[in-house]
Structures are given as C-alpha cells and as structure tokens.
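Engineer: give me the fold of what follows.
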Amino acid sequence: MAWGAAAILFCVWTLPFAELTGTSVTCTFSEDCVLPCTFKASSDEVIHWNRNNFIVHSYYHDADDLEKQDKHFEGRTSLFKDQIKHGNASLLLQNCNIQDSGQYSCHPSTTQGAQESWVDMKVHAPIRSVNIEKIDEEVICSSQGIFPAPNVSWTTDPPTQSDMLNNSTQTTQDPNGLYSVQSKVSFMGNVSDYAYICSVTSADGMQKWKTSMRQQGGNQLPSWIIVVIVVIGIGIGIGIGIWIGIWIWKKHQTEKNRDGVGNPGDQVPSGAFIAPGHDHVPPDEFGAEYELLTLWVTQKLTMPGTSQDPSAIREFRGPLEPSLRPDTIVSVTGLSQQTSLVQVGKSPC
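Structural biologist: Okay, here's the model as predicted:
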C-alpha cells in the first residue's frame, strides 16, 4: 500500500506541467504585427494559436494545418518556421484591423511537455494629420482615421476663458471602426489678431497634435459678398476696356476723315485757294479751324463751256498752292466733319 502511494506521488512529480505566462502588445492598423510566444525547444513540435476558442493558426510536425482556421484570419497568419526548432512559436499577423483586438493564447508542446501563454493584443490607428480651415464665421478643426476616438480641445492666443469659446465637436465611425472627428469654434465678435488653437489628443495621451489659425483685422466679409465684389470688378474692367476701344476707334476715324483718302495720282490744280495769306481758315468764318496742308478740294472748272457741267466737278487731294484763280469753290472737311464752301476772289497775280 505504501509502495502504491509512493508510485502515484512519483508519477505526479514527473509528469510535464504547463507554464502560463502573459504579455501585451499594441499593433498599428493596416500594418503587420508579431505576437510573441516561446517554449523549451525539443522535437515533435505542435503549436496552436487560439482566440476566444477560435483557431487562429495550427502547426503539426513541420507543417501548417489550417483546415480549421477561422476565416477572419485566413491568409494573414504565419509562423517563423526556421525559428521553431529554437523554441520560437511567435505568430505573424498581417494587415491588422480593429477586429483583431483581443486575447490570444499560444499552446506549444514537444516531447518535453506542454506550455501555455497568452497575449493581450490591442490595435490602434494613430493621429496622422489635423486640418484647420475658416468657413464664414467659424474655425473648423478635423482629423480622420483614428482609433480609439481622440479628444479635441480649443485654446486661444492671447488666452481667453474657456466658456467664451462657443465650440461643438462631432465624432463618427466608419465601417473599418476608425473614428473621424470635427470640431467647430465661432469667432469671438470683432476681436482681431487672435490665434485659435485646436489640439487633438489620442485616447492614451501618447499623441497630441496642435494646429492654429490667426484672425487678422477682425471678421472678414462673408464669401458670397467677396464673390459679388469680384464679379462687379470684372464687369467694370470689361466696361472700361470697351470704352477705351470705342474711343480709339473714333479717334482713328476722325484722323482718317481729316487726312482724307483721295486718289494718290490726283494733283491739286493751280488755283485752289482759301483766304490768301492765311494758314488756317478763321474759326469765326467756318465754325471750326481747319488744317490746310492736306485737304479735300472741290474745284469748279472755269474753262468755257464747262463751268455749269456737273461732270466737271472733281475732287483732289494734296498740298494747296499759293497761286490763285477766280471762280474757284473750295470744300474743306475738318475735325468737326463739317464741310464749308468758299468762293475765291479774283487772283492778285
């Protein structure tokens, strides 16, 4: 009887026993992560990774056995096979997502016995950017793709009491479990030269991002008023351009009328004459002052038998000559675009 009891005690003492150890890891969303697990190296290794009674990864005698693997982990798990013989049963989990968070258990066993350990895995998505913009009378601060949900706070420079800042914050979650946050604060009346500072802090306090916007010269005009001013300015610019174009065209026409467009081969006959001894037609006589260097001249020919013939009326263009001829009628077109006729008196020659 005593021998039997001793045998039972000896068997209990020599049976392999499980060692339970644990650790925590934090993995980054959409990146790969290693869940550590070690055991006493030996032969005939068998490794099981589980989470909540679901099989994550299995390994039997130098080969993976994934027939019963949970579909959530399909194609995303692997072991470091060249390290298993050294007692490394760590699991590589690829492309981590928020749903991967939880407690994992590692069960390696060999001819030397079995061990068990656990890993508490957390997945986070860090703050990668914070945006700030002004819309009408508000400053808006936003950030996307964060887990867990961050905290948002506002301050000003120079400092103001927190109750003076009229702010509101909205948090939403996308299908991947990531959070987006948007916070608004209103301008404080007509206070100018204030910097509005937005702080976005991660849930664990390990990250804190700040961005700011300074209000210059009091409140700015609403965007719709700025658009109206721009449109009016463009309209005024177009109107001025059209007016300048018309003015240039009219000036060109006036110069054209003043200079004339007679036939280059025509010559002004001797006897075309207005007001002997003067370079300009007196204003009080024709109502406008005319240049006499280059003019339209209509001469009524004085040859016998042709003085009344309408076909004898011709137009010439060219410089006036000082010689005179009686019965000459001169038509002068000047800047006023009016035509005046004068009959030349008897030639002094």
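
Engineer: what about the helices in the stretch 101-250 of the chain?
Structural biologist: 223-259 (DSSP state H, counting those that start in this stretch).

Engineer: residues contacting Met200?
Structural biologist: To be clear, residue 200 is Val; Met isn't right here. Val200 makes contact with 127, 130, 141, 143, 150-152, 181, 208-210, according to CB atoms under 8 Å, 6 or more residues apart in numbering. Where you see a C-beta, it was placed from the backbone N, CA and C, and this is true even at glycine.

Engineer: recalculate using a threshold of 10 Å.
Structural biologist: 127, 129-130, 141-143, 146, 150-153, 181, 183, 207-211 (CB atoms under 10 Å, 6 or more residues apart in numbering).

Engineer: and if you look at Asp120?
Structural biologist: Counted by CB under 10 Å, 6+ apart, Asp120 has contacts 22-26, 35, 101-104.

Engineer: residues contacting Val119?
Structural biologist: By CB under 10 Å, 6+ apart, the neighbours of Val119 are 21-25, 34-37, 49, 51, 90-91, 102-106.

Engineer: again, 7 Å this time
Structural biologist: Listed by CB atoms under 7 Å, 6 or more residues apart in numbering, the contact set of Val119 reads 23, 25, 35-36, 104, 106.

Engineer: which of the residues you listed count as buried?
Structural biologist: 35, 104, 106 (16 or more other CB atoms under 10 Å).

Engineer: of the residues you listed, which is the nearest to Gly235?
Structural biologist: Distance to Gly235, by CB to CB, is smallest for Leu35 among the buried ones among the contacts of Val119, at 68.6 Å.

Engineer: retrieve the pLDDT associated with the closest one.
Structural biologist: Leu35 carries a pLDDT score of 98 in this model.

Engineer: if I look at it, how far off is Thr156?
Structural biologist: Look at Leu35 and Thr156: by CB to CB, to the nearest Å, they are 45 Å apart.

Engineer: check Leu79 too.
Structural biologist: From Leu79 to Thr156 the distance is 55 Å (CB to CB).

Engineer: filter the contacts of Asp120 down to the ones in strands?
Structural biologist: Among the contacts of Asp120, the residues falling in strands (DSSP state E) are 22-26, 35, 102-104.

Engineer: what's across from Thr169 in the sheet?
Structural biologist: Beta-bridge partners recorded for Thr169 (DSSP bridges): Ser183.

Engineer: tell me who's in contact with the nearest residue to Phe29 once chain neighbours are set aside.
Structural biologist: In space, and not counting its chain neighbours, Phe29 is closest to Ala125: 3.9 Å by CB to CB, 6 or more residues apart in numbering. Contact partners of Ala125, counting by CB under 7 Å, 6+ apart, are 29, 145-147, 178.

Engineer: show me the shaky parts of the stretch 101-250 of the chain.
Structural biologist: For the stretch 101-250 of the chain, the stretches with pLDDT under 70 are 189-192, 216-223.

Engineer: recalculate using a threshold of 80.
Structural biologist: 161-164, 188-193, 215-224 (pLDDT under 80).

Engineer: domains in this structure, by residue range?
Structural biologist: 17-124, 131-215, 222-256, 260-349 (automatic domain parsing).

Engineer: contacts only, for Lys122.
Structural biologist: So Lys122 contacts 26, 101 (CB under 7 Å, 6+ apart).

Engineer: quickly note the distance from it to Thr23.
Structural biologist: For Lys122, the distance to Thr23 equals 12 Å [CB to CB].

Engineer: do Asp136 as well
Structural biologist: Distance, Asp136 to Thr23, by CB to CB: 52 Å.

Engineer: adding distance to Lys251, write the contacts of Val119 out as CSV.
Structural biologist: Formatted as CSV, those follow (distance: CB to CB, whole Å):
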residue, distance to Lys251
Thr23, 91
Val25, 85
Leu35, 88
Pro36, 90
Tyr104, 90
Cys106, 95
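
Engineer: what's the most distant pair in these?
Structural biologist: Val25 and Cys106 (12.2 Å).

Engineer: quick one: contacts for the closest residue to Asn52 other than its chain neighbours?
Structural biologist: Once flanking residues are discounted, Asn52 sits nearest to Gly102: 6.5 Å by CB to CB, 6+ apart. For Gly102, the contact set (CB under 7 Å, 6+ apart) comprises 51-52, 121.
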